[in-house]
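S.K.: coords below, sequence missing:
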């Protein structure tokens with residue numbers, strides 16, 4: 001018997017069908033062991049000795065592999081064709097050797113697609129484990145462990161509120177924080193454009209003023225309304241004639257097939273998918289045999305795949321859409337250590353695969369791969385120049401037309417933050433000497449825009465450009481930043497949170513080298529050298545540890561007050577920007593108002609993070625959140641007076657406290673306050689009045705006659721009736737939900753509720769029906785961890801598997817394995833029965849009391 005090891009149970013079932021009866025295929029369910037999350041798992045003083053620990057929830061799984069290995073004549077390690085796959089195979093081999101269950105014949109095979117042809121071909125070409133790739137994995141794992149487990153304790157003791165730091169994670173966070181700084185430093189400039197509305201032979205088009213009074217206009221030349229109106233008047237008074245017509249042919253070539261990074265970027269742009277969601281879908285498509293391996297930085301397709309793509313193009317389109325020669329692409333990666341072939345369909349005759357989001361992603365992959373082998377698109381760009389009689393004023397109109405669509409017929413690549421093109425429209429036919437009819441002239445005011453915040457797509461692109469991390473790890477890196485609450489997403493853009501900004505400042509001040517872009521990128525280059533066999537992995541670790549360890553010890557020796565003082569100086573420009581009145585920005589506004597001397601503001605560290613406080617404490621209780629630079633503290637308005645209440649005439653102030661922005665009407669004990677929800681970007685006086693008038697009575701419930709109340713609580717907007725609650729999705733719903741919707745929402749909440757008012761947990765993910773029980777398979781959060789269920793059997797999800805990543809096939813296997821074990825036995829068995837007697841006595845006690 002020959003034993004084959006793969007990662008996924010779905011993959012195992014498919015491959016076993018391809019290989020026949022002589023083969024037994026088992027799944028490892030991903031990694032089987034890891035470094036224990038405690039001190040000493042990597043020991044630099046012992047030549048970087050590493051301790052590995054088998055995952056607890058993999059004990060029975062690996063015992064099954066070991067038992068099968070003892071009976072096998074040959075072991076075939078067929079895990080994924082990248083560094084992580086090589087590492088899993090190495091771990092399996094090492095563990096089997098330790099248990100004396102390793103067959104004499106051990107071989108490694110890789111395939112880029114789960115098709116019968118690919119699998120059978122791979123089995124004919126086995127090899128040994130790649131020691132260089134394994135060394136690169138060990139170096140990367142040790143580096144990440146040493147960085148995180150050495151630096152994180154420094155953060156916990158010297159930077160209250162910080163949760164963790166990571167080698168790549170901290171640099172990605174710095175990118176987001178740096179962009180936030182650029183936006184804050186940006187100062188908008190006013191500029192104007194003058195556009196004439198012209199018409200020729202019944203077709204209207206726009207022409208922009210590019211030369212005024214004999215001078216060429218740049219973007220910012222017309223910097224105020226006065227100059228813009230003078231230029232507009234000159235255009236209105238002039239008679240413009242066509243002087244030049246220039247036509248240029250353009251050619252656009254298709255983009256190469258997807259790599260991991262470009263797939264994440266394009267799925268974010270076109271489908272709105274997060275990087276982690278994209279990778280989950282791609283994993284499922286790969287395991288279903290629909291696409292090739294999805295963790296790759298290669299852009300080339302296999303020769304047979306190119307032939308299949310060209311054949312599919314020839315069958316769908318006429319000969320002009322197929323170039324004479326196949327297109328070949330080369331990767332820009334210095335050392336492509338991932339799987340080398342690009343992401344593509346396994347069958348170009350199959351234009352659909354999967355359903356829902358899976359189907360959308362497959363469609364994207366299919367079209368991109370097919371378009372990569374199609375003919376270039378041919379366009380024609382026309383530029384028309386018009387001048388008035390003086391020759392001093394000049395208008396220009398541009399237009400573009402597609403003469404031959406080529407690959408445009410299938411696919412066009414998306415772009416991030418692209419300015420709208422003025423030359424996309426079609427111009428009417430014009431000749432030199434023509435004078436188009438002037439329909440009007442507009443002078444439009446504009447302001448320069450700050451650099452845009454990163455989206456997931458643009459952040460992934462920037463990380464790849466800088467050579468930071470690996471595309472296969474970007475999804476988990478971004479998710480970690482969100483899980484740690486260092487960043488937040490608003491309208492698909494990253495915003496740096498207070499904790500993320502403070503952590504970045506700390507690392508830049510005390511560990512500047514280790515969050516530098518070039519250092520992190522250089523480390524990736526060295527890891528590539530290890531994977532290529534050109535550098536020894538322990539030498540790389542020695543070089544890193546020699547400088548890093550003393551640096552952490554140096555910072556640990558500092559007192560917390562010294563760290564805070566250093567950060568106060570490092571962040572002074574951000575925390576204390578210049579005041580409009582020219583006074584010292586560190587002057588305490590409360591001390592200034594009450595006539596106290598010596599009131600200077602400085603950064604302070606507290607149990608829950610950093611804040612700004614006055615040097616006169618405890619006499620002066622002024623405080624301000626770290627994330628509110630230049631604000632006047634809790635006791636003062638952040639944005640001044642919003643307006644007056646229409647009924648009481650009292651002023652409504654907008655303020656910022658330690659827990660965020662809020663509004664206040666009145667003073668002292670009678671003051672009314674309300675927090676400003678984050679989902680109201682257009683917050684104004686009208687919204688302030690509504691919030692201060694909460695709770696809102698929706699009406700009387702038709703069954704009980706009692707009020708249904710809408711309000712905002714600690715956990716968000718909600719409905720309440722007769723002691724029971726229902727969650728609302730947004731702040732607007734608090735004011736817009738009507739009686740019918742409120743009654744329905746309360747009824748649904750009651751059905752989900754179970755005991756008391758607590759609602760049942762919502763499923764993390766819903767899969768298909770179980771083939772045996774027929775029940776709907778759901779991935780659920782549980783008190784003791786996530787699990788899968790078909791309504792009859794619950795099965796715990798292994799700790800190293802993310803619940804969002806569970807596929808239908810994995811869920812079925814987990815449920816079937818749990819069901820095969822039978823119902824769980826209660827601890828203690830029959831011996832537990834006598835314990836019921838004291839419980840009965842306790843129940844009797846209240847009855848006596850009641851009788852008395």
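M.R.: Thanks, I have it. Nothing here was measured: the structure is a model prediction, and the numbers come from that model.
S.K.: straight-line length of stretch 411-431, end to end?
M.R.: End-to-end span of stretch 411-431 (C-alpha to C-alpha, to the nearest Å): 35 Å.
S.K.: swap in stretch 734-741?
M.R.: Per C-alpha to C-alpha, the first residue of stretch 734-741 is 11 Å away from its last.
S.K.: neighbouring contacts of it?
M.R.: Stretch 734-741 has contacts (C-beta atoms under 8 Å, 6 or more residues apart in numbering) with 690, 694, 696, 698-699, 702, 708, 710-712, 717, 719, 728, 745. (Glycine included, C-beta is placed from N, CA and C.)
S.K.: could you report the pLDDT at residue 167?
M.R.: Here the pLDDT value assigned to residue 167 is 89.
S.K.: got it, and residue 639?
M.R.: 46.
S.K.: ok, now residue 547?
M.R.: pLDDT, residue 547: 93.
S.K.: for burial, what's the neighbour tally of it?
M.R.: Neighbours of residue 547 under the rule other C-beta atoms under 10 Å: 10.
S.K.: ok, and the closest non-adjacent residue to it?
M.R.: With C-beta to C-beta, 6 or more residues apart in numbering as the criterion, residue 547 has its nearest non-adjacent residue at 7.7 Å, and that residue is residue 513.
S.K.: and for residue 602?
M.R.: residue 568 (5.2 Å).
S.K.: compute the number of surrounding residues for that neighbour.
M.R.: Residue 568 - counted by other C-beta under 10 Å - has 19 other residues nearby.
S.K.: where does it fall, secondary structure wise?
M.R.: In this structure, residue 568 sits in helix 560-570 according to DSSP states H and E.
S.K.: low-confidence ranges in the protein?
M.R.: For the chain, the stretches flagged by pLDDT under 70 are 160-161, 332-339, 415-424, 607-609, 627-640, 656-660, 681, 753-762, 800, 822-852.
S.K.: which residues touch residue 518?
M.R.: Residue 518 neighbours (C-beta under 8 Å, 6+ apart): none.
S.K.: try 10 Å
M.R.: Contacts here follow C-beta atoms under 10 Å, 6 or more residues apart in numbering; on that basis residue 518 touches 466, 467, 468.
S.K.: could you do residue 72 as well?
M.R.: Contact analysis of residue 72 by C-beta under 10 Å, 6+ apart lists 1-4, 23-24, 65, 96, 101-106.
S.K.: ok, and the closest non-adjacent residue to it?
M.R.: residue 3 (3.9 Å).
S.K.: how much space separates residue 215 from residue 357?
M.R.: 54 Å (C-beta to C-beta, to the nearest Å).
S.K.: what's the span of stretch 123-136, first residue to last?
M.R.: Stretch 123-136 has an end-to-end distance of 25 Å (C-alpha to C-alpha).
S.K.: and it, which residues are buried?
M.R.: 123, 126, 129, 130, 132, 133, 134, 135, 136 (16 or more other C-beta atoms under 10 Å).
S.K.: rebuild those residues as JSON lines, extending it with distance to residue 163.
M.R.: JSON lines is the format used below for the buried residues of stretch 123-136 (distance: C-beta to C-beta, whole Å):
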{"residue": "123", "distance to residue 163": "46"}
{"residue": "126", "distance to residue 163": "45"}
{"residue": "129", "distance to residue 163": "36"}
{"residue": "130", "distance to residue 163": "36"}
{"residue": "132", "distance to residue 163": "35"}
{"residue": "133", "distance to residue 163": "32"}
{"residue": "134", "distance to residue 163": "31"}
{"residue": "135", "distance to residue 163": "31"}
{"residue": "136", "distance to residue 163": "28"}
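S.K.: now, these that are in helices?
M.R.: Secondary structure from DSSP state H places 123, 132, 133, 134, 135, 136 of those in helices.
S.K.: ok so residue 538 is a strand residue?
M.R.: No: applying DSSP: H, G, I helix; E, B strand; the rest coil, one finds residue 538 to be helix, outside a strand.
S.K.: among the contacts of residue 72, name the buried ones.
M.R.: Counted by 16+ other C-beta under 10 Å, these give 2, 3, 4, 23, 24, 65, 96, 101, 102, 103, 106 as buried.
S.K.: so which of these are in helices?
M.R.: Counting by DSSP H, the buried ones among the contacts of residue 72 contribute 65, 96 to helices.
S.K.: for the buried ones among the contacts of residue 72, give me JSON lines that also has distance to residue 794.
M.R.: Converted to JSON lines, the buried ones among the contacts of residue 72 look like this (distance: C-beta to C-beta, whole Å):
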{"residue": "2", "distance to residue 794": "35"}
{"residue": "3", "distance to residue 794": "30"}
{"residue": "4", "distance to residue 794": "30"}
{"residue": "23", "distance to residue 794": "32"}
{"residue": "24", "distance to residue 794": "28"}
{"residue": "65", "distance to residue 794": "24"}
{"residue": "96", "distance to residue 794": "31"}
{"residue": "101", "distance to residue 794": "31"}
{"residue": "102", "distance to residue 794": "35"}
{"residue": "103", "distance to residue 794": "36"}
{"residue": "106", "distance to residue 794": "37"}
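S.K.: picking up where we left off before, nearest to residue 294 among the ones in helices among the buried residues of stretch 123-136?
M.R.: Distance to residue 294 across these (C-beta to C-beta) is lowest for residue 133, with 18.3 Å.
S.K.: quick one: the closest residue to the closest one other than its chain neighbours from residue 68, how far?
M.R.: For residue 133, ignoring the flanking residues on the chain, the nearest one in space by C-beta to C-beta, 6+ apart is residue 86 at 4.3 Å. As judged by C-beta to C-beta, residue 86 and residue 68 stand 22 Å apart.
S.K.: with residue 780 instead?
M.R.: Plainly put, residue 780 is 31 Å away from residue 68 if you go by C-beta to C-beta.
S.K.: now do the contacts for residue 446.
M.R.: 188, 189, 190, 191, 192, 193, 219, 220, 222.
S.K.: by neighbours, which of those wins?
M.R.: Tallying neighbours with other C-beta under 10 Å puts residue 222 at the head of the contacts of residue 446, with 26 neighbours.
S.K.: that one: what secondary structure?
M.R.: Following three-state DSSP, residue 222 is assigned to coil.
S.K.: that one against residue 212, yeah?
M.R.: Yes: here residue 222 reaches residue 212: they are 7.8 Å apart, a contact under C-beta atoms under 10 Å.
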